[in-house]
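>>> Turn this into a model:
(6 chains)
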Number of protein chains: 6
Amino acid sequence: MAAKNYATLRVSTPRPNIALVELHRPDALNAMNDQFFVDVQDCFSALHANPDVRAIILASAHPRLFTAGLDLKAVQSGMLPQHEDIGRCGLLFMNLIDRWQRAFTAIDECRAPVIAVVHGMCIGGGVDMICSADVRVCTQDASFSVKEVDLAMAADIGTLQRLPKIVGNQSTVREWALTGRTFSAAEAKDAGLVGHVVADKKTAMDKAFEIAEVIASKSPIAINGTKVALNYSRDHSVADGLRQIAMWNASQLQSQDVVKAAASILTKQTPRFSKL
Amino acid sequence: MAAKNYATLRVSTPRPNIALVELHRPDALNAMNDQFFVDVQDCFSALHANPDVRAIILASAHPRLFTAGLDLKAVQSGMLPQHEDIGRCGLLFMNLIDRWQRAFTAIDECRAPVIAVVHGMCIGGGVDMICSADVRVCTQDASFSVKEVDLAMAADIGTLQRLPKIVGNQSTVREWALTGRTFSAAEAKDAGLVGHVVADKKTAMDKAFEIAEVIASKSPIAINGTKVALNYSRDHSVADGLRQIAMWNASQLQSQDVVKAAASILTKQTPRFSKL
Amino acid sequence: MAAKNYATLRVSTPRPNIALVELHRPDALNAMNDQFFVDVQDCFSALHANPDVRAIILASAHPRLFTAGLDLKAVQSGMLPQHEDIGRCGLLFMNLIDRWQRAFTAIDECRAPVIAVVHGMCIGGGVDMICSADVRVCTQDASFSVKEVDLAMAADIGTLQRLPKIVGNQSTVREWALTGRTFSAAEAKDAGLVGHVVADKKTAMDKAFEIAEVIASKSPIAINGTKVALNYSRDHSVADGLRQIAMWNASQLQSQDVVKAAASILTKQTPRFSKL
Amino acid sequence: MAAKNYATLRVSTPRPNIALVELHRPDALNAMNDQFFVDVQDCFSALHANPDVRAIILASAHPRLFTAGLDLKAVQSGMLPQHEDIGRCGLLFMNLIDRWQRAFTAIDECRAPVIAVVHGMCIGGGVDMICSADVRVCTQDASFSVKEVDLAMAADIGTLQRLPKIVGNQSTVREWALTGRTFSAAEAKDAGLVGHVVADKKTAMDKAFEIAEVIASKSPIAINGTKVALNYSRDHSVADGLRQIAMWNASQLQSQDVVKAAASILTKQTPRFSKL
Amino acid sequence: MAAKNYATLRVSTPRPNIALVELHRPDALNAMNDQFFVDVQDCFSALHANPDVRAIILASAHPRLFTAGLDLKAVQSGMLPQHEDIGRCGLLFMNLIDRWQRAFTAIDECRAPVIAVVHGMCIGGGVDMICSADVRVCTQDASFSVKEVDLAMAADIGTLQRLPKIVGNQSTVREWALTGRTFSAAEAKDAGLVGHVVADKKTAMDKAFEIAEVIASKSPIAINGTKVALNYSRDHSVADGLRQIAMWNASQLQSQDVVKAAASILTKQTPRFSKL
Amino acid sequence: MAAKNYATLRVSTPRPNIALVELHRPDALNAMNDQFFVDVQDCFSALHANPDVRAIILASAHPRLFTAGLDLKAVQSGMLPQHEDIGRCGLLFMNLIDRWQRAFTAIDECRAPVIAVVHGMCIGGGVDMICSADVRVCTQDASFSVKEVDLAMAADIGTLQRLPKIVGNQSTVREWALTGRTFSAAEAKDAGLVGHVVADKKTAMDKAFEIAEVIASKSPIAINGTKVALNYSRDHSVADGLRQIAMWNASQLQSQDVVKAAASILTKQTPRFSKL
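I've put the predicted structure just below:
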């Protein structure tokens, strides 16, 4: 897997089958401008199509924080659409929002599971972004804020849609979203937004790599099917979800991986699975 | 905002843009009779339409409790429909339930966020009622019960529909709903039904006002859009939720509030937003 | 209620109106073979149709564990379908999965609430199974694993569909399902998978009987309606759920149980309700 | 049933249990202004609540046409909301559309079936309106147009939502809606928008009364249940629709009307059913 | 395929791979009693599981008619549930309706396509029944009636749910269902309820066998997949339907039937496909 | 708008704001190979993004037919995925189907309405393709076939999902899809698949241009909103559809096009609307 350079992201392969995507706008506190969303879309589409990638870690290359959220200077400099006709301007906004939503949906629908590592501030769009990941790990000093309300807007790139389904606690989510107040790593853990809180960035990366390595060692048939089914079930009834996985497994259970895995359990050997 | 008197509710405006709605049937432990549902519907419809109201606190005026739930004496005195034909009686029941459901749905859909404050007992219909609020605060001595099962009925004005989506834990919800047992403030907090447990009623009201003031200080464009999106996403898939907020924000992001908010952040000044 | 013998289950009625279903394949660590799914389907269909049964306890007759999950030896011996044509083999898999899913759905849709008691290991299909129960109790030494990923398969008999809606925390569920790692009773309690963790099997059974007896003492009209409404609301919007219970209660609130219950509360006597 | 006067509607009871609602703005070609929507909402809510009304005929009191659609003069005179802030103006539009939609939804959800009679032009909002009726009859010289596109707007009070589900032919509906062209009674009949095309207004009213009298002679339990089920099934899957009617009929089949009807068929006598 | 005798049905295999199911209560005008629904459920479940059956014709063995609908004498003799408690009686009704619905759903979900042939009267439950078939053929003298309204009930075993989705014309369906009036073969053809109207019973059976033989000659992989997809799409959005068929075909397109069919087209030979 | 060349499509702009897309594989009877789907996706994505395009005509450049459907020679030459592992092969099939579905969904979701013109044979994938258009016109000698069943496959790129919602008649659709038989222009018109049947290709193109010119003369705000709402309503309940258009129109009704259109109607002048 060759690395690809993006203006706002650094992508590498620090361990076999594990990609590392780092937010990287050092001069702008990793704030999100339009290029950032283009890069995220491109990056995760490429990772989705790359069969060598079996797990992805999403982190920040900035020494002190994950992201400051939407790039307010870009907003001031005309990043948002303008048109003298309100109707046409509205369509431009819908297009922009749709394009930004697709960037984070590319994370959500990426074949390989995504483990987000948060240290320091994770503001506004940062929360939207990590809600598209599968597992979240953070440092003790991480802090979060559904900040969009302070920009006089309802968050529109994923937080209000995905956060309640991750956290499963509307009392907390609503207080966060309606007040925009900062909440700590401990509160995020308590509510279920993050799965692990650890001492510092290095420990958090170690934890993320530990999880990623376990995932990368499994049959990619099983990992892919599990992620697809979890996403599908999140958005459908139990009955529809049961039908989905039955249809899905009609082909997937005929994989040799199942034979290989069953044999390896009985023989207590470690199986190795080929890529998709 | 002029106060309006209701037979079973007290409504006031203790602070600018913040309405206080208090259950007030002092002689009946705030038990819910038919008039109570009429009053709740009227009261929250009026608050919904009042652009001066930006946050609402829902509490009890009774010194010792939130509510004893359904008014059993009214049940005994013929509050429930009667008709010699079972089919027609069934339609009368559907109408009654629908009307009572609409009363609590008026809280759920009220433009301004609602913060419920519970002290003492919150029984049966009381749980249905607070599940329609956005944020819940209670005192240490608060206690709750999904009591309908002891009336030989499945709760039908919101608890079974909203509580599982608030709490996100079916083990707990099902035990509460199937046994009708009383549970404490601590258990309610642990399960996520309430967001804050504090020492006493005064502290609870202070906490509620603190949250309400933060909400009331934000752009009403943002608060309204956030509540609408959270309600919509609760009941739709992630994909449908993303489309909803994109359409919604096509007009709302063209508000001057966004410009004003961005400017205020960069200039570190406190913005003031006009009413809707 | 006459007991019925099953090859892989023991069914008894240790207390009035309370059925006890025990997994019972002592020589095979309660592993799940095809007969097991046939038995579960038959057993819970019979319990569903039996009006004398008002609560069910689901436990393991094995001294050390709940279940080792899918029977790997049966897999090796040809339990899974085989056909030289891939398309026809796929249909056989869909039929098998559908049949196994129906076995656990029979638990989910059983009229009487089901309380699962887990001690020791609860692996793979065991997690699918207890996710179909209403309430879960376990011992301190219980351990769980969404093990299917180690068999190179996406879990397809309920875990991926029901577990996220029980637990309401996608961070945790996804880590469990994608890594297959073992998690403890404490972690299961913290995430909300189990409602009670107690010292040992005997205490767990006591707790389960305590809950079951409360449920069995209530009006079966109320218990049945509550379970149906909770299942329905899990899979529908709040609005659709509210309509469901209004239609349901149009007949159920005309039951004499409601009159009897209201009277018993006012007279502080214990009501007795006849069977359905 | 006492008649009630509305500014834009005439309501009468020409035959027992049959209400006649006539559009009546003679000086304005029955064009729809804001008062019209208020009147429609009030009128059909009242008819819905009136158990003496078992069928409703919706027609035009104008000698030459059904309606010219939206009142353009009212639009020019400021009927549409205005606000200097685009976001707040958008909310005012949403409120207005919602209110107008509710007026026609009151027809759709009215307990008694509604038979629309169209003669002459039925333009724009007129099509939205008759799509909320249950049965449509028109004269040979009737003509229709989904005219909103010529007002530079997507129809937003029901045509685009209900017409395709009435007609079941997207080729035709899309051509009508995208071109705004006038189509004849014959084309409307061929596509299924209207059920009967007759020679003139008098014959059309006779046909409508003929259908209405049949409906009014049936058990209101059956008529109400049938309309509710048809509306529900339009918007749900077959499986959900089947569950709905099973729950509904749990109370409704216990009506004495069923006994009476069965007896009357066997004895070949005409039953008479009391009101709801 | 061995024939099986049912009390109310005759089942035979007049041509290879084509089953013929005939309604057969000669003394009762094929009226539907409880045994009839038991038989339909058993019969179509057996046909569903029989891989030798590739198409099914559903017809009447009565010389003059398809069916008179619900058996009124059985209704008079206590076929409907009775219980002194209204709530419990309601549950018995729900169970009965659910059981009868499942009988017709077994036709709907039967692997092999079902072609209904109607001659003479097809009343009430008869319309519910043929709406569960895939294709409908009738004679010129066939007549139909959604008769339930004359029994003071809303049709609850399929007509109100399936007929509108078959016919795609709500004007006609609502008039039929709300008035209960008899409609002719020509009207049924015009509305799309039946696909072919032919001169007499023999010609209708010939037409049905002609269609059945074409279906039986195709790959059962393709026929099964097509029926499943049509049923699924009827009840889901276009997007969900597209996902369903992609998952389904992941295994089914790997069948050798596809290779065989493509080769046979290029070589212009008639392929023969083995059973499922 | 500059024309762009595609290997299998010809694109031109014969009249202002109207694009013409022609299937163009003259040596292969316009059969669909993998490149064809790539081209359709690219072509319609580009047209979607081109604000100068207000209506699109989709036709065939072949003198005798629309398309022969899937390219069987390409199938024989290895167009379909192959992999020695069945599970991995299944995923490759899902990817291929998904990609081909997206090509036709790009037609469905293209901002400008699409008018399909069919002459001669329209086989298999051709029916899938025209079902993604908004309006269909054909010649008298056109013939159609849902041919996939003869390839031993269930149609998986749109016919089974979209055709029933276009035609609204399951009897006809199911016979077509289950038998694969050829049906004529007259039958297609009768069932509602095509809106107009005309004498020959030239007349069909004239009809298509006539409709396209009307569409292109309207406000693009209105045309876009109408198509979006029709697509949305096809896949949602009436209630959800009404909410969608209310949110959509909150911005779109603030367009100057509405003012301009209203003025032009009152002054009887022809308005001209700027592009989006």
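>>> Give me the pLDDT for the closest residue to chain D within the stretch 51-200 of chain A.
Here the stretch 51-200 of chain A gets closest to chain D at one residue, residue A:86, 5.7 Å apart by CB to the nearest CB. Every residue, glycine included, has its C-beta placed from N, CA and C. Residue A:86 carries a pLDDT value of 97.
>>> and it, what does it touch?
Neighbouring residues of residue A:86 by CB atoms under 8 Å, 6 or more residues apart in numbering or on different chains: B:251, B:254, D:86, F:251, F:254, F:255, F:256.
>>> show me the contacts for the fourth one.
The neighbourhood of residue F:251, defined by CB under 8 Å, 6+ apart, consists of A:86, A:87, A:89, A:90, A:91, A:93, B:250, B:251, B:254, D:86, D:90.
>>> What backbone torsions are found at the fourth one?
Main-chain torsions, residue A:90, degrees, to the nearest 10: phi -60, psi -40.
>>> Take the contacts of residue F:251 and lay them out in CSV including secondary structure and distance to residue B:10.
Converted to CSV, the contacts of residue F:251 look like this (DSSP: H, G, I helix; E, B strand; the rest coil; distance: CB to CB, whole Å):
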residue, secondary structure, distance to residue B:10
A:86, helix, 43
A:87, helix, 45
A:89, helix, 45
A:90, helix, 42
A:91, helix, 47
A:93, helix, 43
B:250, helix, 40
B:251, helix, 37
B:254, coil, 39
D:86, helix, 38
D:90, helix, 35
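>>> with those in mind, which one is nearest to residue C:109?
Within those, proximity to residue C:109 (CB to CB) peaks at residue B:250, which comes in at 42.8 Å.
>>> which stretches of the stretch 1-150 of chain A form strands?
In the stretch 1-150 of chain A, the strands defined using DSSP state E, counting those that start in this stretch lie at A:9-15, A:18-23, A:55-60, A:114-118, A:121-123, A:135-139, A:143-145.
>>> my guess is residue A:229 meets residue A:245, correct?
Yes. Contact between residue A:229 and residue A:245 holds when scored by CB atoms under 8 Å: they sit 5.0 Å apart.
>>> Need the overlap of contacts for these two.
C:154, C:155, C:156, C:160, C:161.
>>> would TSV of those residues with neighbour count and distance to chain B be doable?
Conversion of the shared contacts of residue A:229 and residue A:245 to TSV gives the following (neighbours: other CB atoms under 10 Å in any protein chain shown; distance: CB to the nearest CB, whole Å):
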residue	neighbour count	distance to chain B
C:154	26	20
C:155	29	18
C:156	29	21
C:160	31	15
C:161	28	13
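>>> now the residues you listed in JSON lines, with secondary structure, pLDDT and distance to chain E?
Listed next are the shared contacts of residue A:229 and residue A:245 as JSON lines, based on DSSP: H, G, I helix; E, B strand; the rest coil; pLDDT from 0 to 100; distance: CB to the nearest CB, whole Å:
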{"residue": "C:154", "secondary structure": "coil", "pLDDT": "96", "distance to chain E": "12"}
{"residue": "C:155", "secondary structure": "coil", "pLDDT": "96", "distance to chain E": "16"}
{"residue": "C:156", "secondary structure": "coil", "pLDDT": "95", "distance to chain E": "12"}
{"residue": "C:160", "secondary structure": "helix", "pLDDT": "97", "distance to chain E": "15"}
{"residue": "C:161", "secondary structure": "helix", "pLDDT": "96", "distance to chain E": "15"}
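>>> circling back: looking at residue A:229 and residue A:245, which one has more neighbours?
residue A:245 (28 against 23; other CB atoms under 10 Å in any protein chain shown).
>>> Surely that one is within a helix?
Yes. Using DSSP: H, G, I helix; E, B strand; the rest coil, the assignment for residue A:245 is a helix.
>>> Quick check: closest non-adjacent residue to it.
residue C:156 (4.3 Å; CB to CB, 6 or more residues apart in numbering or on different chains).
>>> same check, this time on residue A:189
Using CB to CB, 6+ apart, the nearest residue to residue A:189 is residue A:197, at 4.8 Å.
>>> Now do the contacts for the residue of chain A found nearest chain C.
Nearest residue of chain A to chain C, counting by CB to the nearest CB: residue A:168, 2.2 Å away. When the contact criterion is CB under 8 Å, 6+ apart, the partners of residue A:168 are A:192, B:167, B:168, B:169, B:192, C:167, C:168, C:169, C:170, C:192.
>>> What distance do you get for the closest residue to the last one other than its chain neighbours to chain F?
Yep, that's residue C:192 we're talking about. Closest residue to residue C:192 apart from its sequence neighbours, by CB to CB, 6+ apart: residue B:169 at 3.7 Å. Residue B:169 sits 28 Å away from chain F, going by CB to the nearest CB, to the nearest Å.
>>> wait, isn't residue B:169 in contact with residue B:188?
No. Residue B:169 lies out of contact with residue B:188 (CB under 8 Å); the separation is 11.6 Å.
>>> show me where chain A has helices.
A:34-49, A:72-76, A:86-108, A:125-130, A:159-167, A:170-179, A:185-191, A:201-217, A:220-234, A:238-252, A:256-267 (DSSP state H).
>>> For residue E:276, which of the ones you listed is the nearest?
Between the helices of chain A, helix A:238-252 lies closest to residue E:276; by CB to CB that is 13.0 Å.
>>> Output the closest one as PDB, nothing but the C-alphas.
Extracted in PDB, the C-alpha atoms of helix A:238-252 (Å, rounded to 0.1, in the frame of the first residue of the first chain):
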ATOM      1  CA  VAL A 238     -34.700  -6.400  14.200                       C
ATOM      2  CA  ALA A 239     -36.800  -8.400  11.600                       C
ATOM      3  CA  ASP A 240     -35.300  -6.600   8.600                       C
ATOM      4  CA  GLY A 241     -31.800  -7.000  10.200                       C
ATOM      5  CA  LEU A 242     -32.300 -10.700  10.500                       C
ATOM      6  CA  ARG A 243     -33.300 -11.000   6.900                       C
ATOM      7  CA  GLN A 244     -30.300  -8.900   5.800                       C
ATOM      8  CA  ILE A 245     -27.700 -11.100   7.500                       C
ATOM      9  CA  ALA A 246     -29.400 -14.300   6.300                       C
ATOM     10  CA  MET A 247     -29.100 -13.100   2.700                       C
ATOM     11  CA  TRP A 248     -25.600 -11.800   3.300                       C
ATOM     12  CA  ASN A 249     -24.300 -15.000   4.800                       C
ATOM     13  CA  ALA A 250     -25.800 -17.200   2.000                       C
ATOM     14  CA  SER A 251     -22.600 -16.400   0.100                       C
ATOM     15  CA  GLN A 252     -20.200 -15.500   2.900                       C
END
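>>> Per-residue pLDDT of the residue nearest the centre of chain A, please?
For chain A, the residue nearest the mean C-alpha position is residue A:133 (2.5 Å; CA atoms, centre = their mean). Residue A:133 carries a pLDDT value of 98.
>>> Just want the phi and psi numbers for it.
Torsion angles, degrees, to the nearest 10, at residue A:133: phi -80, psi 170.
>>> surely it meets residue A:115?
Yes. Counting by CB under 8 Å, residue A:115 is a contact partner of residue A:133 at 6.5 Å.
>>> Overlap in contacts, the two.
Common neighbours of residue A:133 and residue A:115 (CB under 8 Å, 6+ apart) are residue A:58.
>>> which bits of the stretch 101-250 of chain A sit near chain B?
A:101, A:105, A:108, A:148-156, A:158, A:160-162, A:164-165, A:167-175, A:177-181, A:191-192, A:234-236 (CB under 8 Å from any CB of the partner chain).
>>> Near chain F, which residues of chain A are found?
So chain A meets chain F at A:85-91, A:93, A:221, A:224, A:251-258, A:274, A:276 (CB under 8 Å from any CB).
>>> Only whichever of those are buried, select them in PyMOL.
Buried members of these, defined by 16 or more other CB atoms under 10 Å in any protein chain shown, are picked up in PyMOL with:
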select buried, chain A and resi 85+86+87+88+89+90+91+93+221+224+251+252+253+254+255+256+257+258+276
